[in-house]
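Here you go, sequence then predicted model.
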Protein chains: 2
Amino acid sequence: MQVQPNWLKQRSELTPDRTAIIFANEHLTFFELNQKARNMAFQLQTFIRAAERNTIAILLENHIETVIFIHACFLSGCKLVLLNTRLTKAERDFQIKNSQASLLVTEEKWLEDHRQNCETVLLSHLKSLKADDGDLLFEIDLAETATIMYTSGTTGSPKGVEQTFGNHYFSAVSSALNLGLSDHDKWLIALPLFHISGLSALFKSVIYGMPVILHKRFETEEINRSINEHRVTMISVVQTMLTQLVQSVNRSPESLRCVLLGGGPAPLKLLEDSKQKDFPVYQSYGMTETSSQIVTLPPEYSLAKLGSAGKPLFSCEIKIMKDGKPCEPNEHGEITVKGPNVMKSYFHNQKATEQSFQNGWFLTGDMGYLDDEGFLYVLDRRSDLIISGGENIYPAEVEAVLLAHPSVKEAGVTGTEDDRWGKVPCAFIVRRSWINEEELLEHCKKKLAKYKIPKQIYFVDELPRNASNKLLRNKLKNLL
Amino acid sequence: MQVQPNWLKQRSELTPDRTAIIFANEHLTFFELNQKARNMAFQLQTFIRAAERNTIAILLENHIETVIFIHACFLSGCKLVLLNTRLTKAERDFQIKNSQASLLVTEEKWLEDHRQNCETVLLSHLKSLKADDGDLLFEIDLAETATIMYTSGTTGSPKGVEQTFGNHYFSAVSSALNLGLSDHDKWLIALPLFHISGLSALFKSVIYGMPVILHKRFETEEINRSINEHRVTMISVVQTMLTQLVQSVNRSPESLRCVLLGGGPAPLKLLEDSKQKDFPVYQSYGMTETSSQIVTLPPEYSLAKLGSAGKPLFSCEIKIMKDGKPCEPNEHGEITVKGPNVMKSYFHNQKATEQSFQNGWFLTGDMGYLDDEGFLYVLDRRSDLIISGGENIYPAEVEAVLLAHPSVKEAGVTGTEDDRWGKVPCAFIVRRSWINEEELLEHCKKKLAKYKIPKQIYFVDELPRNASNKLLRNKLKNLL
């Protein structure tokens, strides 16, 4: 039961003429996508050692060629590392080295960035190569790692989340059991493919036989036009996108039957506005480690169970733990989850893996509770995680960069409310020697992705700490 | 990934108020079904040894209590042997012994039949027992055997097909990926639950969160009434049922979106009539060993690909083999299949299991071919299998019974066309000593289920045989 035919190959045999992907004016059927992925797999094989499970890193924007390349990697038996285009060179260098990628496939603008660390090739060059037919891998082993995505976590040092083919398969299947599945379904993705919420749609596409309407980025007008033109039924969004969508129209587009909202609970006002305009919003909870959503709240509960992320997907479970014991309903504790979509491990990081699993349960680090009816409420994302426009920002990581500056003695980072992004990071600094905000921001820009750079820096005399000198991030705002 | 929460238990937690099952005037939600199954599991535990994987045989008609009992078995960690109520005592005795069942649960009319071989209890008695709460098994291991169903096969001696929880899970999931899944779906079953086409709906019910409308038997008027009353969307039928349904109305009931037709290809006339009346017929191919359909043909192809059973379900594969080599398109050979819904093995029958699998492919024994586009055409069911009203009849089994009579020297059985049942068995006999048709039928009645008894017996001088004296069943009809 562990081995299945390659999903794209089989889909191309079962429903060759159905649309697989639409991007701008381009349009591929499953048959065409399979042909192109095969060709690209042969081109890729001019760079890699045959008969090895090579690890390929990609640093690519959303594009139809990116989709083709992702499938080409699986057909070549490669593991895929998906690099976030918003990170700095230094952040990505770490991930490239850590993942032991043997090849980086990228675009013109990043061509020179990582050459020192990894053989680099332009996707446009790769696809122009003449290549002989090679050996393709027409089977998928559910236990094998398919993709690696990096997430920073509590310590601030990024960990590679190993998602297996089985994780992606069960994620797609459990999502279908939850949201239903129709011949008319079309899923719009304007989230980056290097995030699980974007990438997972590609697996759904081949497993369901469903078109994905891919966009490079989220531009409200363009998205509305696309929804209406293609009669999109499903769309994945983060809070910022939903806000813009809801503001832009008087009523939810007729064809939409599911707006899957990730990235933290939405504010009441937004949910009310969505409801009033008939947007079928499914709140959800998930993370890179659960290979997409693991908990969802159907629209009929969105106001009655306000603030809840819903119930687990089929085959998935939630347990709230406190002091090593399961909590009673309504008792607060750490959210732990289990299910066939939960990642295998952190890549080459046995310590982090061991710390994250207990008796087969994954410890999310997030706090929450279950109500009497089993609905999950998420209280705090792990380690004061700041979710900004759908991107995760870990305070510890930003603090580490700030502390690396010689003039900084202590640093504390927390999220503040922002109309557009939900939250943005701001920093509290105790100086060792004189430095101004501008200089410190300049320092951050070299080391941190733009969205991680504090929007505000406050210089203070001391930071709130507990008796054991641990920084109390949730008290930082009191300094304002 | 191998272990999941018990399906009924989880479904009852996720969607407690949804309807699980409707039978006549009875109606249970998933919450109620789970409660009743738990209670019955405790009652069952007064009969079985705790902490063992007990094997329980059931000889029950379609009834809401049968559904409850089936789930109770899984909650108690038991394997289930589903006995065909249409078989003779002798046929069932073989299956009870062979499966090593430790308990038979049945109804009044069969209470005395198998007492000598197996501890027997009435379901009505069992459910009246006072029982303390015991230990339930809240997990399902996909690799474990869930059910055993007997099928006769080519040799005439019945083999127990071991279907695992994984077989049932992937069958339900692949079926949903093929037929789609909606909140409004309701599946009507008027096929016996001891056949995989009936039983599989119970797994779909808990995995999808979908109501099953269960009927004791197929009575056309009653089924039409039920479809309209409950707004049934899906129904499983065999050819006889479809014929009656189509004849009974001017137009397919509005709510129906899928009529899943099993049991061999349908005649052109029936397909044309169905099409004309807008019945959404999905032809299919499957067997007990594939835990329900493994190949289906969507309605849009039903006439263009007339006689085809369609394409495999997702994660499933077909290969046509001849002389140990895969056939070219349109070349005839043996149908072999592979997929996560293909049974684990024949129970305690290593020889039959080994003969049926080759490099992970299951050899169906059926002949067929794939056309240029990969559509399967089934030519002959294995060993001249006779499908009569959805029941499988193996000529070898009937011949063995006939040959057991001292007056019979040679016997050959084949199927002849029948308006009502599709096919019925008829026998060709070379006598050793004088016997008439009536006496021989009397002999058959003692050993064979009613539907297996030849509808016609012809006495002939010799049977058609090849040079090695092998009976040529396909030439029997020439004797008429």
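Happy to help now that I have it.

can you count the residues close to the residue lying closest to A:N392 once chain neighbours are set aside?
Counting by CB to CB, 6 or more residues apart in numbering or on different chains, A:N392 lies nearest to A:L385, which is 5.9 Å off, once chain neighbours are set aside. The C-beta positions use only the backbone N, C-alpha and C, and glycine is treated the same way. For A:L385, the number of neighbouring residues by other CB atoms under 10 Å in any protein chain shown comes to 22.

pretty sure A:L385 is in contact with A:E397, am I right?
No. Under the criterion of CB atoms under 8 Å, A:L385 is not in contact with A:E397, lying 10.6 Å apart.

hang on, the earlier thing: show me the contacts for the residue nearest to A:N392.
A:D366, A:N392, A:I393, A:Y394, A:P395 (CB atoms under 8 Å, 6 or more residues apart in numbering or on different chains).

So which residues on chain A come close to chain B?
A:1, A:4-5, A:10-11, A:13-14, A:142-143, A:166, A:170, A:173, A:176-177, A:180-183, A:207-209, A:311-312, A:314-315, A:317, A:340, A:374 (CB under 8 Å from any CB of the partner chain).

Give me the below-cutoff pLDDT ranges for the stretch 301-450 of chain A.
Confidence mapping of the stretch 301-450 of chain A against pLDDT under 70 gives the ranges A:380-383.

swap the cut-off to 80 and go again
A:302-303, A:306-307, A:379-385, A:390, A:396-397, A:400 (pLDDT under 80).

need the helices for it, in chain order.
Taking DSSP state H, counting those that start in this stretch to define them, one finds helices in the stretch 301-450 of chain A at A:350-356, A:395-403, A:437-447.

Which of the contacts of A:L385 sits closest to B:Q247?
B:Q247 has its nearest neighbour among the contacts of A:L385 in A:D366, at 59.8 Å by CB to CB.

neighbours around the closest one, how many?
20.

I'd assumed A:L376 was in contact with it.
No. Applying CB under 8 Å, one finds A:D366 not in contact with A:L376, separated by 9.9 Å.

any common contacting residues for these two?
A:I335.

quick one: A:E52 and A:L297, what's the gap?
44 Å (CB to CB, to the nearest Å).

more crowded one of these two?
A:L297 (24 against 10).

How about the more buried one: which residues does it bridge to?
Taking DSSP bridges, one obtains A:Q283 as the residues bridged to A:L297.

what about it, distance to A:I196?
19 Å.

How about A:I58?
Distance from A:I58 to A:I196, by CB to CB: 15 Å.

So between the two, which is more surrounded?
Just comparing A:I58 and A:I196: by other CB under 10 Å the higher neighbour count belongs to A:I196, 28 against 22.

Tell me which stretches of the stretch 251-400 of chain A form strands.
A:258-262, A:281-287, A:292-297, A:308-312, A:317-322, A:325-326, A:333-338, A:345-346, A:357-358, A:361-370, A:376-380, A:386-388, A:391-393 (DSSP state E, counting those that start in this stretch).

Any chance of CSV for those strands, columns distance to B:E112?
Formatted as CSV, the strands of the stretch 251-400 of chain A follow (distance: least, CB to CB, whole Å):
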stretch, distance to B:E112
strand A:258-262, 56
strand A:281-287, 56
strand A:292-297, 53
strand A:308-312, 48
strand A:317-322, 46
strand A:325-326, 49
strand A:333-338, 48
strand A:345-346, 58
strand A:357-358, 54
strand A:361-370, 51
strand A:376-380, 54
strand A:386-388, 68
strand A:391-393, 68
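
which of those is buried the deepest?
strand A:292-297 (a mean of 27; mean count of other CB atoms under 10 Å in any protein chain shown).

Any idea how far that one is from the middle of the chain?
13 Å (CA atoms, centre = their mean, to the nearest Å).

Likewise for stretch A:4-11?
24 Å.

Send me that stretch as PDB with only the CA atoms.
Taking Å, rounded to 0.1, in the frame of the first residue of the first chain, the C-alpha atoms of stretch A:4-11 are listed here in PDB:
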ATOM      1  CA  GLN A   4       1.800   4.200  -5.800                       C
ATOM      2  CA  PRO A   5       2.200   5.100  -9.500                       C
ATOM      3  CA  ASN A   6       3.600   8.600  -9.900                       C
ATOM      4  CA  TRP A   7       0.700  10.900  -9.500                       C
ATOM      5  CA  LEU A   8       1.200  13.100 -12.500                       C
ATOM      6  CA  LYS A   9       1.900  10.200 -14.800                       C
ATOM      7  CA  GLN A  10      -1.200   8.400 -13.600                       C
ATOM      8  CA  ARG A  11      -3.400  11.500 -13.800                       C
END
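
Please list the residues outside that stretch that contact it.
With CB under 8 Å, 6+ apart, stretch A:4-11 has contacts from A:20, A:30, A:33-34, A:37, A:71, A:74-75, A:136-140, A:142, A:165, A:169, A:203, A:206-207, A:209, B:314-315, B:317, B:340.

swap the cut-off to 6 Å and go again
A:F30, A:N34, A:H71, A:F138, A:I140, A:V206, A:I207, A:G209, B:S315, B:E317 (CB atoms under 6 Å, 6 or more residues apart in numbering or on different chains).

Now, those that are in helices?
Among the contacts of stretch A:4-11, DSSP state H puts A:F30, A:N34, A:H71, A:V206, A:I207 in helices.

quick revisit: deepest in the core, which of the helices of the stretch 301-450 of chain A is it.
helix A:395-403 (a mean of 22).

returning to that earlier point: need the helices of the stretch 301-450 of chain A in TSV with distance to A:V413, can you?
Compiled in TSV, the helices of the stretch 301-450 of chain A are given as follows (distance: least, CB to CB, whole Å):
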stretch	distance to A:V413
helix A:350-356	21
helix A:395-403	4
helix A:437-447	11
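
so which of the ones you listed gets nearest B:E219?
So among these, helix A:350-356 is nearest, using CB to CB, at 57.3 Å.

what distance separates that closest one from the centre of its chain?
For helix A:350-356, the distance to the chain centre is 21 Å (CA atoms, centre = their mean).

Check which helices and strands it sits against.
strand A:345-346 (3 or more CB pairs under 6 Å, 6 or more residues apart in numbering or on different chains; DSSP states H and E).

related to what we said a few turns ago, closest one to chain B out of the contacts of A:L385, please.
Among the contacts of A:L385, A:D366 lies closest to chain B (CB to the nearest CB), at 20.7 Å.

Nearest to chain B within the stretch 351-480 of chain A, name that residue for me.
For the stretch 351-480 of chain A, CB to the nearest CB, closest residue to chain B: A:G374, 5.6 Å.

Then the stretch 251-400 of chain A?
Chain B sits closest to A:P340 of the stretch 251-400 of chain A, with a gap of 4.1 Å, by CB to the nearest CB.

what about that residue, neighbour count?
The number of residues packed near A:P340 is 22, by other CB under 10 Å.

State the phi and psi torsions of the closest residue to it other than its chain neighbours.
Using CB to CB, 6+ apart and skipping the chain neighbours, the partner closest in space to A:P340 is A:F170 (3.7 Å). Backbone torsions of A:F170, given as degrees, to the nearest 10, read phi -70, psi -30.

and A:F170, how many neighbours?
Count around A:F170 with other CB under 10 Å applied: 24.

That one and A:L142, how far apart?
With CB to CB as the criterion, A:F170 and A:L142 are 8 Å apart.

Quick check: can you list the domain ranges of chain A?
As assigned by automatic domain parsing, chain A contains the domains A:3-370, A:385-479.

Ranking these by mean neighbour count, which comes first?
Highest mean neighbour count among those (mean count of other CB under 10 Å): domain A:3-370, a mean of 20.

contacts for the strand or helix carrying A:Q247?
Counting by DSSP states H and E, the element that carries A:Q247 is helix A:239-248. Identification of contacts with helix A:239-248 by CB under 6 Å, 6+ apart yields A:F218, A:T220, A:L261, A:G263, A:A266, A:L270, A:D273, A:S274, A:K277, A:G389, A:W421, A:G422.
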